[in-house]
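Q: Dropping the sequence and predicted coords here.
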Amino acid sequence: MKTVKFLIILSLISFHTFAVTQPSRDQAIIKRFLTYIAGPRWHIDTVVSKYVVFYEEESKVASRATRKMYLSMAVADLVEQVKRVKIDELKIIPYNDVDEKLQIMTLGPDYRQRSYVVTDPSGKFVRYFLLKDDQIESFVLFQGKAYLLLN
């Protein structure tokens, strides 16, 4: 009986550790990205290689160069917004855990699970991030209702 109790406790601790670790790791990814682009010399090639999901193969929708240009414009827009906030004061919260008024998008369960909302204390800076495999898949919204994938 003691062995069963021990195994149950051990499994609960393991599950709790996983549940706490995943959002923390994802939040760190977003924070590192924001810190990098807030610096004086961000470069799109570094953004593509380290932080953002970007497929190397050509696409029927847009060429690799065109997609990179759009991504660069999106990052430049985000940089201007990030310059107005203190990165250390930003809150990075899983989408499912934020206030209902910030849950503005129509997302399926998988996207909800992989989404984070970044806000500053004043509430003026609000950005949405979609993560995939330890990288950012999107941080741009289409009409405020869905992610725009630039990869």
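A: Yep, that arrived.
Q: Okay, helices next: where are they in the protein?
A: With DSSP state H, the ranges of helices along the chain come out as 2-38, 44-46, 64-82, 109-113.
Q: Could you tell me which residues within the third one count as buried?
A: So the one you mean is helix 64-82. R67, K68, L71, S72, A74, V75, L78, V82 (16 or more other Cβ atoms under 10 Å). From N, CA and C alone the C-beta is placed, and that goes for glycine too.
Q: Nearest residue to the middle of this protein?
A: With distances taken as Cα atoms, centre = their mean, the chain has F129 as the residue nearest its mean C-alpha position (3.3 Å).
Q: Dump the buried residues of helix 64-82 to TSV, plus pLDDT and distance to R41.
A: Listed next are the buried residues of helix 64-82 as TSV, based on pLDDT from 0 to 100; distance: Cβ to Cβ, whole Å:
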residue	pLDDT	distance to R41
R67	88	22
K68	90	18
L71	92	17
S72	93	14
A74	93	18
V75	94	13
L78	95	16
V82	94	14
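Q: The longest strand belonging to the chain vs helix 64-82, what angle?
A: For the chain, the strand with the greatest residue count under DSSP state E is strand 126-132. If you take axes from the mean of the first three to the mean of the last three Cα atoms, to 10 degrees, strand 126-132 sits at 140 degrees to helix 64-82.
Q: helices or strands up against strand 126-132?
A: helix 2-38, strand 115-119, strand 135-138 (3 or more Cβ pairs under 8 Å, 6 or more residues apart in numbering; DSSP states H and E).
Q: For the protein, give me the ranges with low pLDDT.
A: 1-23, 151 (pLDDT under 70).
Q: ok, and for the longest strand of the chain, which residues are buried?
A: Quick answer for strand 126-132 (16+ other Cβ under 10 Å): R127, Y128, F129, L130, L131.
Q: Partner strands of it, with direction?
A: strand 115-119 (antiparallel), strand 135-138 (antiparallel) (DSSP bridges).
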